[in-house]
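Engineer: Dropping a prediction and its sequence here:
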Amino acid sequence: LSFWSVLDAVGARYCSGWRGIYAEFGKQWYQRRVREFQTFQHYFKRINLSREMSEKKRSAMNQVVTREYTLHLHKRIHGSGFKRRAPRAFKEIKKFAQKTMGTPDVRIDTRLNKHVWHKGVKHVPFRVRVRLARKRNEDEDSVNKLYTLVTVVEGIESFKGLQTQNIDVDE
């Protein structure tokens, strides 16, 4: 589907490019058709993209998977008051886990809690290396089939050069 085929469909006879169209229908008619065609094209591109993304998302969310991420907490709690920095860090960790793993049920490990609080409420660590594990919920009564467990990765000297890693866990 091209622009010229659309013009053919509406009955435009173009003899010498743009000038022929202008002479036959006028500039406003031509500009309106161009605008309609661009909107039409954009609409179908958006439909195809959303369909592809939804198919990918559905298939990926059913898997049990474990990944390691580096979270930059300093930028996420910037602007918070001193007495709200550690609680805000946990809200941001939960928000990140929900977004990346796609599960509304997020559980934080006690070691991660101690790691974030070990310098007090004001002085939250700038970065933290976390392991996000999407697991199946054993409780049959729960609404969510999967939950995310967030744990801290201990013994990180430097965060430079670390990337997201998929981890194979034999259960």
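Structural biologist: Nice, I can see it. Numbers count the residues shown, from 1 in each chain.

Engineer: Not counting its neighbours along the chain, what's nearest residue 162?
Structural biologist: residue 70 (5.2 Å; C-beta to C-beta, 6 or more residues apart in numbering). Every residue, glycine included, has its C-beta placed from N, CA and C.

Engineer: Against which helices or strands is the host helix or strand of that neighbour packed?
Structural biologist: Residue 70 is part of strand 66-72 when elements are defined by DSSP states H and E. On a contact count with 3 or more C-beta pairs under 8 Å, 6 or more residues apart in numbering; DSSP states H and E, strand 66-72 meets helix 85-101, strand 127-136, strand 165-167.

Engineer: buried set for the helix or strand following that strand?
Structural biologist: Sequence-wise, the next helix or strand downstream of strand 66-72 (DSSP H and E) is helix 73-76. For helix 73-76, the neighbour count (16 or more other C-beta atoms under 10 Å) marks 73, 76 as buried.

Engineer: go on, stretch 76-84?
Structural biologist: In stretch 76-84, counting by 16+ other C-beta under 10 Å, buried: 76, 77, 80.

Engineer: roughly how far apart are the first one and residue 137?
Structural biologist: Looking back up the chat, that one is residue 76. Separation of residue 76 from residue 137 (C-beta to C-beta, to the nearest Å) stands at 27 Å.

Engineer: still on that earlier bit, so which of the helices and strands packed on strand 66-72 comes closest to residue 158?
Structural biologist: Closest approach to residue 158 among those (C-beta to C-beta): strand 127-136, 9.9 Å.

Engineer: which residues touch that closest one?
Structural biologist: Applying C-beta atoms under 8 Å, 6 or more residues apart in numbering, the external contacts of strand 127-136 come out as 63-74, 93, 97, 100-103, 112, 115-116, 145-153, 156, 159, 162, 167, 169.
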